[in-house]
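In: structure, please.
(chains A and B)
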Amino acid sequence: MHPLYLYNTLTRKKEEFSPIVPGKVGMYTCGPTVYQYATIGNMRSYVFADILRRVLEYNGYSVKMVMNITDVGHLVSDADEGEDKMLVAVGREKKTPWEIARFYTEAFMKDAALLNILRPTALCYATEHIEEMLQMVVELVEKGYAYETSDGIYFDISKFPAYGQLSGIRLQDQLAGARVEENPEKQHHADFALWKKAPKEHIMQWPSPWGMGYPGWHIECSAMSRKYLGDQFDIHTGGVDHIPIHHENEIAQSESCTGKIPARFWMHGEFLLVDGGKMSKSLGNTYTVHDLVTKGFEPLAFRYFCFSAHYRSHLNFTWPALESAQKGLRSLRTMVQRSSRGPEKPGAEEKMGRFRELFLESVNDDLNMPKAVSVLWEAAKADLGPGLARLAGEFDRVLALDLVKGPADEDKVLELSELPPEVQALIEERRLAREAKDWAKSDRLREQLREMGYQVKDLKDGYEVTRIP
RNA sequence: GGCGAGAUGGCCAAGCGGUAAGGCAGGGGUCUGCAAAACCCUUAUCCCCGGUUCGAGUCCGGGUCUCGCCUCCA
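Out: Model (predicted):
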């Protein structure tokens, strides 16, 4: 047996995983803010969460996976300054925040489905949990962890000495207001908003004990994870950018309320780089799943590409790299699918057992997907016969690359009858030329067909026509 | 200024104390009238300098260089 090891940001080491309740795992994934299309950088993060969930299930756990949808505008800056993201989108698209949120939520779910990301067992929308958030804010105020200013309710960080445990930041080292305007009413520069009082023109606002307002960004995760997973659950995931502010704040809020750190394992996915540098919405060098499809790639090529590096490493996105992934995936599927048509091989089962073990060992080693994929490649080359297809089917419960059913290189062989008449005519002419051993004419016709978008392969007896992609 | 990650063959990338996975690309070969496909073979002492050890990409110290976070963003 291979125990499951996961890296915990909290302790900065790999730990053997075991859930609070035997056999069951509760995990919470920080979901998207739905005010524009998700980038492939965002998607890498959700592929990571999906892999974690699938590996847990592969290990026999029943997983409750909760993901939030941030459909309320929180402020642009985590330091509670600046514009409201949702309002920016409202100005841009001339729609209501609700319409925008719905539109981009659907777009996100569609992209996720294209990447074979399983739907979370529970999706929760921030706007549907304002009540729970307010209750938590009230609780924090009553317990003395928060104070009121002219523009909102703030968490009092001085009451939570453990602050900074995730990121290793010591508050006294941080330069107050180094890059943002300091709010003079805040008692400590790292105090953060639990609730904001809304100016009249603010579109999304709700009644509260402090008048009309809207929630601070961090409170939604605390309130919703508590509601669906309890005061303490097993795993919390997100991007590395969430470590210093968002998750620190979340821990501070939740633990102040419940007395417990909300999650035992904190796991973070590294960023996707583009051409060696950061991808960011503000730099405008972002791509979406749709962009990949437009360039002729299948979405799962991106999923496969994500497996080329460990989730805690930077992964550098370039078009040639994606092409390499697409080729690798296609060729893997070709091997798998071809194997299912051949005869059984003696001794295959024995070898398969070994590969199963290696695969499990790899994914259970903190989700080492590059290793896991290499195990599959080794299996593909091990002459397992139809056993390979069975094995790939098992591994695909984690990989989800449509190995057995997805498009492979060989799938494009066309019947003569499905070709346009003029193409059929040229092929027939070429067949006759070949019979007459008129190679010059044969080659000329093959070139002509190629220009029309068809590749002709000559076999022992006959030929195969495929469409050039 | 603070925090963190990383430097492995042409490219991407595993390995985390015992003598370098895998993919893509390249080269050679088999097959073929020629192609294509397929199959086989093939390409590295791991940024630099010290140290620990019988033994180090793998641990420690010091450099150099990248990159990320501390603003939006996974």
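
In: show the contacting residues for the spatially closest residue to A:Ser442 that is not a sequence neighbour.
Out: Excluding the flanking residues, the one nearest A:Ser442 by C-beta to C-beta, 6 or more residues apart in numbering is A:Ala433, at 4.6 Å. Bear in mind the C-beta positions are built from the backbone N, C-alpha and C, glycine included. When the contact criterion is C-beta atoms under 8 Å, 6 or more residues apart in numbering, the partners of A:Ala433 are A:441-442, A:445.

In: are we agreed that A:Ala433 is in a strand?
Out: No: A:Ala433 sits outside any strand when classified using DSSP: H, G, I helix; E, B strand; the rest coil, being helix.

In: RNA strand B versus that one, what's the distance?
Out: Computed as C-beta to the nearest atom of the strand, to the nearest Å, the A:Ala433 to RNA strand B distance reads 9 Å.

In: could you do A:Tyr58 as well?
Out: Counting by C-beta to the nearest atom of the strand, the gap between A:Tyr58 and RNA strand B amounts to 18 Å.

In: residues of stretch A:54-63 that come out buried?
Out: Along stretch A:54-63, the positions that meet the burial threshold by neighbour count (16 or more other C-beta atoms under 10 Å) are A:54-59, A:61, A:63.

In: what do you get for stretch A:99-111?
Out: Of the residues in stretch A:99-111, those buried (16+ other C-beta under 10 Å) are A:100-105, A:107-109, A:111.

In: do I have it right that A:Arg356 meets A:Arg390?
Out: No: contact status for A:Arg356 versus A:Arg390: not in contact, 10.5 Å apart, counting by C-beta atoms under 8 Å.

In: those two: who's more crowded?
Out: Between A:Arg356 and A:Arg390, counted using other C-beta atoms under 10 Å, the more crowded position is A:Arg390 (18 against 15).

In: contacting residues around the more buried one?
Out: When contacts are counted by C-beta under 8 Å, 6+ apart, A:Arg390 is found next to A:Met352.

In: from RNA strand B, how far out is A:Phe233?
Out: Plainly put, A:Phe233 is 18 Å away from RNA strand B if you go by C-beta to the nearest atom of the strand.

In: also A:Ile40?
Out: A:Ile40 sits at a distance of 8 Å from RNA strand B (criterion: C-beta to the nearest atom of the strand).

In: give me the element the residue nearest to that residue when sequence neighbours are not counted is part of.
Out: Once flanking residues are discounted, A:Ile40 sits nearest to A:Tyr287: 5.1 Å by C-beta to C-beta, 6+ apart. A:Tyr287 is part of no helix or strand, with elements assigned from DSSP states H and E.

In: next secondary structure element downstream of the helix or strand of chain A with the lowest mean pLDDT?
Out: Evaluated with mean pLDDT, DSSP states H and E, the helix-and-strand set of chain A has its lowest mean pLDDT in helix A:85-93, which scores a mean of 65. Counting by DSSP H and E, the next helix or strand C-terminal to helix A:85-93 is helix A:97-114.

In: residues touching the helix or strand following that next one, excluding its own?
Out: The C-terminal neighbour of helix A:97-114 among helices and strands, as given by DSSP H and E, is strand A:122-125. The contact list for strand A:122-125, computed with C-beta under 8 Å, 6+ apart, reads A:31, A:64-69, A:71, A:101, A:105, A:224, A:227-228.

In: looking at the residues you listed, which has the most residues close by?
Out: The contacts of strand A:122-125, ranked by neighbours (other C-beta under 10 Å): first place A:Gly31, 28 neighbours.

In: got a list of what it touches?
Out: A:67-70, A:123.

In: same question, A:Glu429
Out: Taking C-beta under 8 Å, 6+ apart as the definition, contacts of A:Glu429 comprise A:Leu445.

In: send the alpha carbons of the helix or strand where A:Met67 lies over as PDB?
Out: Secondary structure from DSSP H and E places A:Met67 in strand A:62-69. Included here for strand A:62-69 are C-alpha records, laid out as PDB according to Å, rounded to 0.1, in the frame of the first residue of the first chain:
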ATOM      1  CA  SER A  62     -15.900   9.800  -0.400                       C
ATOM      2  CA  VAL A  63     -15.200  13.500  -1.100                       C
ATOM      3  CA  LYS A  64     -17.400  16.500  -0.500                       C
ATOM      4  CA  MET A  65     -15.900  19.300  -2.500                       C
ATOM      5  CA  VAL A  66     -17.200  22.800  -2.000                       C
ATOM      6  CA  MET A  67     -16.400  25.700  -4.300                       C
ATOM      7  CA  ASN A  68     -17.500  29.200  -4.000                       C
ATOM      8  CA  ILE A  69     -18.500  31.500  -6.800                       C
END
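
In: any regions of chain A where pLDDT drops low?
Out: Residues of chain A meeting the criterion pLDDT under 70: A:1, A:73-91, A:169-183, A:282, A:410-413, A:460-461, A:468-469.

In: any idea what A:Asp365 is bridged to?
Out: With DSSP bridges as the criterion, A:Asp365 is bridged to A:Tyr5.

In: ok, back up a step: of the contacts of A:Gly31, which pair is most distant in space?
Out: The two members of the contacts of A:Gly31 with the most space between them (C-beta to C-beta) are A:Thr70 and A:Leu123, at 11.6 Å.

In: excluding its backbone neighbours, what's nearest the residue of chain A found nearest RNA strand B?
Out: When scored by C-beta to the nearest atom of the strand, chain A has A:Gly239 as its residue closest to RNA strand B, at 0.9 Å. Closest residue to A:Gly239 apart from its sequence neighbours, by C-beta to C-beta, 6+ apart: A:Ser45 at 4.9 Å.

In: what angle separates the helix or strand containing A:Val47 from strand A:62-69?
Out: Secondary-structure element containing A:Val47, defined by DSSP H and E: helix A:40-58. With axes from the mean of the first three to the mean of the last three C-alpha atoms, to 10 degrees defining the directions, helix A:40-58 sits at 160 degrees from strand A:62-69.

In: next, the angle from helix A:40-58 to helix A:97-114.
Out: Counting by the same axes, to 10 degrees, helix A:40-58 lies at 60 degrees to helix A:97-114.
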